[in-house]
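Peer 1: following is a predicted model, sequence given first.
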Amino acid sequence: MEELSEQAVHKPLMTFERDKILGRGTFACVFYGTLNGKPVAVKRIQLHDLEEFIPNWEEIAMKQLDHENVVKLLHVEENEDFKFLVLELCEATVDDYIRRRYMADMPSDCEALYQMASGVQYIHSKGFVHRNIKPENVLISASGDLKIADFGFCKPFRPSGSFSMSSSGPRGTRIYSAPEFLQLEGKSKDDKEKIRCDISIDVFSLGCMFFCYIKKGDHPFAKPGSPITYAVASNIIHGKKYLHRALMQDHYAYEIIDGMTQAVPQDRWKLDRVIEILLLQFKKT
Ligand SMILES: Nc1ncnc2c1ncn2[C@@H]1O[C@H](COP(=O)(O)OP(=O)(O)OP(=O)(O)O)[C@@H](O)[C@H]1O
């Protein structure tokens, strides 16, 4: 009895405001809230959207992650209907920034790319592949730091770096997905299970994002000046890249983005190399 009351005293106090929605995703709604009186973001996930016999990798991964460029999970609660992930509060997404909806001071482009690459490299170092890197899933903190978020689609990978695609294929927007990932669409569950992908699918998505970040919304697989449409996914599959039409070849990021968006996974740059070059560039400026 005494133990119970002690637990009750120490249980963190979480609140959230139903009318203060910070964002919505396919499976969750994120509210402004507090944890022990401090401002936080509360991601509310309907329990029936979580598959019963499949581990909840979002929660498992986030509990293990602690890095300045990864959104921190502070607390988890559950009731009959919902799971609540209490997250460090951020101000906006990279999508808001590239669409010019977020106008606060930001780090230099080079530092921003470095931060995003460091976050993804850390996630890989902990044995997880994110699989949904896109501008909506990188958050901006009040101090202007970039943080990788939304681990709803992440998975652990084997020491070889590979993982099976099982029932999954691209989710939501497909314009940041690697070609091998897009090619899973329409395949049967059995065929998907035979296909192994590796962590370089995150590198591909991050490379596309780097370009969008620098060019404020353009895409390396979209014809410059034309709207980013479904044609992008087809261009990714067929290797139609328009990097040289939109970025000078002597721009420090040209070679990096080109290396990260190679069609063949084995040819794609590793994040160590990306980070090394960004650091050198960063020191020059
Ligand atoms: N920690 C946070 N601070 C502020 N806003 C946040 C935070 N986490 C999420 N958001 C907002 O909520 C939106 C949806 O969150 P999230 O991407 O985690 O949901 P989801 O349902 O998993 O999305 P998806 O459809 O990409 O799978 C984000 O794009 C962002 O606008």
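Peer 2: That came through, no problem.

Peer 1: ok, the host helix or strand of residue 76 near the ligand or not?
Peer 2: Per DSSP states H and E: residue 76 is located in strand 73-78. No. Judged by CB under 6 Å from any ligand atom, strand 73-78 and the ligand are separated, with a smallest distance of 9.5 Å. In short, each C-beta sits where N, CA and C put it, glycine included.

Peer 1: show me what that strand is packed against.
Peer 2: Based on contacts counted as 3 or more CB pairs under 8 Å, 6 or more residues apart in numbering; DSSP states H and E, the elements that strand 73-78 packs against are helix 57-64, strand 82-87.

Peer 1: just name the most buried of those.
Peer 2: Counting by mean count of other CB atoms under 10 Å, strand 82-87 has the highest mean neighbour count of the helices and strands packed on strand 73-78, with a mean of 21.

Peer 1: quick one, strands of the stretch 151-285 of the chain?
Peer 2: In the stretch 151-285 of the chain, the strands defined using DSSP state E, counting those that start in this stretch lie at 155-156, 162-164, 196-198.

Peer 1: now the weakest link among these, please, by mean pLDDT.
Peer 2: Ranked by mean pLDDT, the strands of the stretch 151-285 of the chain end with strand 162-164 at the bottom, a mean of 69.

Peer 1: picking that back up, in a markdown table, list the helices and strands packed on strand 73-78 along with mean pLDDT and distance to the ligand.
Peer 2: As requested, these are exported to a markdown table (pLDDT from 0 to 100; distance: least, CB to the nearest ligand atom, whole Å):
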| stretch | mean pLDDT | distance to the ligand |
| --- | --- | --- |
| helix 57-64 | 95 | 8 |
| strand 82-87 | 96 | 4 |
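
Peer 1: so the residue positioned nearest the centre of the chain: helix, strand or coil?
Peer 2: For the chain, residue 133 is the residue whose C-alpha lies nearest the centre (CA atoms, centre = their mean; 3.3 Å). Secondary structure, DSSP: H, G, I helix; E, B strand; the rest coil: residue 133 is coil.

Peer 1: does it touch residue 205 like I think?
Peer 2: Yes. With contact defined as CB atoms under 8 Å, residue 133 reaches residue 205; the gap is 3.8 Å.

Peer 1: now for the two: what residues contact both?
Peer 2: residue 176 (CB atoms under 8 Å, 6 or more residues apart in numbering).

Peer 1: what angle sits between the strand holding residue 76 and strand 82-87?
Peer 2: Relative orientation of strand 73-78 versus strand 82-87 (axes from the mean of the first three to the mean of the last three CA atoms, to 10 degrees): 170 degrees.

Peer 1: which residues sit against strand 73-78?
Peer 2: In contact with strand 73-78 (CB under 8 Å, 6+ apart) are residues 12, 14, 35, 40, 47, 59, 62-63, 65, 83-88.

Peer 1: just the helices in the stretch 1-150 of the chain please.
Peer 2: 2-10, 57-64, 94-98, 109-125 (DSSP state H, counting those that start in this stretch).
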